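Undergrad: Next come a sequence and a model predicted from it.
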Amino acid sequence: MYEIALLLSISIPLIGSFILGLLKGRLRSHGALLMTFISFAFTCLLIIPIREGHIVEVQLSAFSLEWLSITFIGDGIGLIFALIFSLLGTVAVIYSKGYIKKVAHQTEYYLMTTLMIGSLMGIAYARNLILLYIFWEIASIATWRLVGFYRGEKETAIANKTFLMIFAGSSFMLLGFIMIYTNTHTLDMVTLQGFSVSPFILFLIFIGIITKAAILPVHNWLPDAHTVAPSPMSALLSGIVVKIGILVFIRIFIWTFHTQWDWILILAAISSIVAASGALLERDMKKIIAYSTVSQMGYMLLGFAVFSEIGFTAGLLYFMVHAIAKAGLFLGAGIVEQKCGERDITKLGGLIKSMPLTATGFALCALSIIGMPPFGGFFGKIMVISAVVREGHIWISFMAVIAAVLTLLYLLRLFASVFLGNLKLAKVNETSKSMIGSALMLGILSLGIGLCINKILGFIHLAVTSVF
């Protein structure tokens, strides 16, 4: 039963997305919502066996080759990522029903969005490295099409840049996978746990990881992509797509090969500070949030790269917190942009008077990423810093604190510029209920994670015990 649930959570959005290409009108959005929600529901079913300490495995032996096995593993790590992927995918589709209802090419939009969610679910559960790579590239193709969705000259150029940078990184990663197979004659990650590979091979894979995760110095595709992508795509891009880089880092560096490189801590800390500084100087609302993503991805990597139990716990917690809150920020920004026709924060202001629900959802998400108690972000950031200090990296912890202060400054500046002060534009009303409800729900969920932190940490412990 649970094996079928795991398989359906991947296959329904992955294969079902192509059915959307045959549908018209509201059937497209209803079909996309149904597929993503069913994927989320089947993922929730897996909580039962995994909480009891079981691992759910599925192998489609009829499609297996010597170097490729269609094998999926449902463990604590995969479950946490899959839950967030499918949840935010469902919310993004609900939001899209109001956001793109008057836009052309909706068939492609819903097809690619659903295909992306299916591919991310495949990455969460993939046990074979080539299988993981196949899903990785499917997600890249969907990202390319959705970033350039509006099909203008600028949109197309940025979408092409996004795809080429991600593809270049994934090519290095694929080369690393090929070298692993040459040395070990297997690409099964469970089997590879008994092997060791050269640092050069892992470095090739790491290039692909940080490119997708938008870590310095291969981060600049992300802020550009956000300037042209539809806002629900921005929510998925920063909320979950860049997180697959972190997921693959966990699977390969921590779960499979148990590799710790201290210089990654330095890279993560520098990436976090530099990107936060960029966010503090930007005026474009979506670019500020995009640079924030680059900064917080560095923070997340910092927790995992410490290679300790508390760091791993902190990284997973902050992944959940950031994915939900950052998606909420982009959904809120999308409402403002659609209603005001403006993203320059110096030309906005006073919107809390006419858009109180949007402002509330935006504020809740911002406070979570800032790390204000009792939001989940507070516990995640405190645990990351504690993990770094416990391992003796005092200077790195000092840099993490600086990044946290900069996060406070640029998000307060963003909220104050957009929602507080005098109303600079003609009075606008809030948008559709589906859009407002989606953004507000993610804000409430950001607060709920902090209020239920003990239960959330207990859930995360399922993944931690599989590594430590």
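TA: Looks like it came in fine.

Undergrad: When you work out contacts or count neighbours from here on, use the C-alpha atoms and nothing else.
TA: OK.

Undergrad: what about the strands in the chain?
TA: For the chain, strands defined by DSSP state E occupy the ranges 56-59, 71-74.

Undergrad: From the contact counts, what lies against the first one?
TA: Here strand 56-59 touches helix 2-20, strand 71-74, going by 3 or more CA pairs under 8 Å, 6 or more residues apart in numbering; DSSP states H and E.

Undergrad: How far off centre is the first one?
TA: Averaging C-alpha coordinates over helix 2-20 and over its chain gives two centres that are 20 Å apart (CA atoms, centre = their mean, to the nearest Å).

Undergrad: Residues touching it, excluding its own?
TA: Here helix 2-20 makes contact (CA atoms under 8 Å, 6 or more residues apart in numbering) with 28, 31-32, 35-36, 38-43, 45-46, 49, 56-58, 74, 107, 110-112, 114-119, 121-122.

Undergrad: average pLDDT for it?
TA: For helix 2-20, mean pLDDT rounds to 94.

Undergrad: And stretch 40-52, by the same measure?
TA: pLDDT averaged over stretch 40-52 gives 94.

Undergrad: distance between the ends of it?
TA: End-to-end distance for stretch 40-52, by CA to CA, to the nearest Å: 20 Å.

Undergrad: quick one: buried residues of it?
TA: Residues of stretch 40-52 classed as buried: Phe40, Ala41, Phe42, Thr43, Cys44, Leu46, Ile47, Ile50, Arg51 (neighbour count, 16 or more other CA atoms under 10 Å).

Undergrad: and for it, what are the contacting residues?
TA: 2, 5-6, 8-9, 55-56, 74-76, 79, 82-83, 86-87, 90, 459, 462.

Undergrad: what are the phi and psi angles of Pro230?
TA: Main-chain dihedrals, Pro230, degrees, to the nearest 10: phi -60, psi 150.

Undergrad: show me what contacts it?
TA: Leu146, Val147, Phe149, Gly334.

Undergrad: Pull the number of nearby residues for the third one.
TA: Other residues within reach of Phe149 by the criterion other CA atoms under 10 Å amount to 22.

Undergrad: so it makes contact with Tyr109?
TA: Yes - taking CA atoms under 8 Å as the definition, Phe149 is a contact partner of Tyr109 at 7.3 Å.

Undergrad: rewinding a little: buried by neighbour count, from the contacts of Pro230: which ones?
TA: With neighbours counted by 16+ other CA under 10 Å, the contacts of Pro230 contain buried members at Leu146, Val147, Phe149, Gly334.

Undergrad: How about the second one, nearest residue that isn't a chain neighbour?
TA: Think Val147. Ala229 (4.4 Å; CA to CA, 6 or more residues apart in numbering).

Undergrad: Grab the nearest non-local neighbour of Leu280.
TA: Here the residue nearest Leu280, using CA to CA, 6+ apart, is Tyr410, at 4.8 Å.

Undergrad: Could you give the number of residues near the one you found?
TA: With neighbours defined by other CA under 10 Å, the count for Tyr410 comes to 22.

Undergrad: picking that back up, in contact with the residue nearest to Val147: list those residues for me.
TA: Under the criterion of CA under 8 Å, 6+ apart, the contact list for Ala229 reads Leu146, Val147, Gly148, Phe149, Tyr150, Glu155.

Undergrad: how about the fourth one, what does it touch?
TA: For Phe149, the contacting residues are Tyr109, Glu155, Ala229, Pro230, by CA under 8 Å, 6+ apart.

Undergrad: Not counting its neighbours along the chain, what's nearest Gly169?
TA: Nearest to Gly169 is Gly208, by CA to CA, 6+ apart, at 3.9 Å.

Undergrad: contacting residues around the one you found?
TA: Per CA under 8 Å, 6+ apart, neighbours of Gly208: Ile166, Ala168, Gly169, Ser170, Ser171, Phe172, Met173, Gly245.

Undergrad: So which of those sit within helices?
TA: Among the contacts of Gly208, the ones falling in helices (DSSP state H) are Ile166, Ala168, Gly169, Ser170, Ser171, Phe172, Met173, Gly245.

Undergrad: just the buried members of these?
TA: Judged by 16+ other CA under 10 Å, buried ones among those: Ile166, Gly169, Ser170, Ser171, Phe172, Met173, Gly245.
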